[in-house]
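K.L.:
here is my input, please return the structure:
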Amino acid sequence: MEYKIHNYRFENIAEKYYPIVKAALEELGHTEWCSTPDDLSDGWTSWPEINIYNHCHESELNTNNNIILKPTGPTSKHFALDRIGYANSSSLCFEYPYAIDHDVFDWNVDEFIKDKANKWDDSILVKWKNNLRKNWPKDHILVIVQQPKDETVNGFGFGNHWTKVCHIVNKLISHRLNYPVVVKLHPAFKDKSKLEQISKWKEAGVTVIEGYINIHDVLPRTRLAIIENSTAGIECLMHQIPIISYGFPEYHWVTKQLQSLTQLEDLVTDMTWHDPIKAKNFISWYIDWYLCSDIDSTVSRLKDLLYDGPN
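P.N.:
Numbers count the residues shown, from 1 in each chain. Predicted structure coming up:
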């Protein structure tokens, strides 16, 4: 089959990840579609049989047999390939990965934790602060904040992300639980209109983490995390932290879904809902079998997508 790689968004994606996808497709015997619009005007009627895009959902596209690429954690080398979308719009969010029930996957994440790996770990623009193992509150509840304008919480997820965060944090404060509350803002969070609310949290005793603080330094002191949709959930699972999710991230199969704020106090104090073995198996499968990080893993994933193999 002929394939076409569409440089849909973000040139750095094309430069970094598309060559791996191209090499994998060619290893599988597919060839690049080289036609131009002029060919179509001359009566040329065929279209590429495989179309590769990035950072989008199939509803945006007018081609068939689409595959969508999205970089994700645990490192800058990892990316997902999916038929319909990415993050909380991907197939994995809707189709349960049955492999985690009947297979046992090796635990290969310790090096990622040791290296404090993250999806921006090769960026020359991101400067992680060395906080020298700052003593974050022990046994804390960690509320992870996404960029409010990020598509995963403002488009795929719907409703106001910041409003939901405020409801959750304020509920935790009002219950006066025995566990400290820590709010971790997205590293690039710079919305000045939210400063008043952040100040009120601090006055109420909430620890607010701002800027480029590596989450690997925080998680060893975390009791549980509360997330709508964030790659940080991958790191939480690597550190074997229980997650309450009020969105539907790809890993929601091993989190506790927060359906109503009225549940929050009980879920925070009684964590018998957490299945550590299942969560550990999921993140091992997700990193080693579902994601791509090199040509071999990309070939394997493309076989699943193009030839109806298992998830």
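K.L.:
the strands in the stretch 101-250 of the chain, which residues?
P.N.:
140-144, 181-184, 207-209, 222-227, 243-245 (DSSP state E, counting those that start in this stretch).
K.L.:
can I get these in JSON lines with distance to residue 89, mean neighbour count and mean pLDDT?
P.N.:
Glycine gets a C-beta too; all of them are placed from N, C-alpha and C. Conversion of those to JSON lines gives the following (distance: least, Cβ to Cβ, whole Å; neighbours: other Cβ atoms under 10 Å; pLDDT from 0 to 100):
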{"stretch": "strand 140-144", "distance to residue 89": "19", "mean neighbour count": "23", "mean pLDDT": "97"}
{"stretch": "strand 181-184", "distance to residue 89": "24", "mean neighbour count": "23", "mean pLDDT": "97"}
{"stretch": "strand 207-209", "distance to residue 89": "28", "mean neighbour count": "17", "mean pLDDT": "96"}
{"stretch": "strand 222-227", "distance to residue 89": "16", "mean neighbour count": "23", "mean pLDDT": "98"}
{"stretch": "strand 243-245", "distance to residue 89": "15", "mean neighbour count": "22", "mean pLDDT": "98"}
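K.L.:
could you export those strands as JSON lines, including distance to residue 303?
P.N.:
Below are the strands of the stretch 101-250 of the chain laid out as JSON lines (distance: least, Cβ to Cβ, whole Å):
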{"stretch": "strand 140-144", "distance to residue 303": "34"}
{"stretch": "strand 181-184", "distance to residue 303": "38"}
{"stretch": "strand 207-209", "distance to residue 303": "41"}
{"stretch": "strand 222-227", "distance to residue 303": "31"}
{"stretch": "strand 243-245", "distance to residue 303": "30"}
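K.L.:
any idea how far residue 142 is from residue 247?
P.N.:
16 Å (Cβ to Cβ, to the nearest Å).
K.L.:
report the beta-bridge partners for residue 32.
P.N.:
residue 3 (DSSP bridges).
K.L.:
can you check what pLDDT the model gives it?
P.N.:
At residue 32, the pLDDT value in this model is 93.
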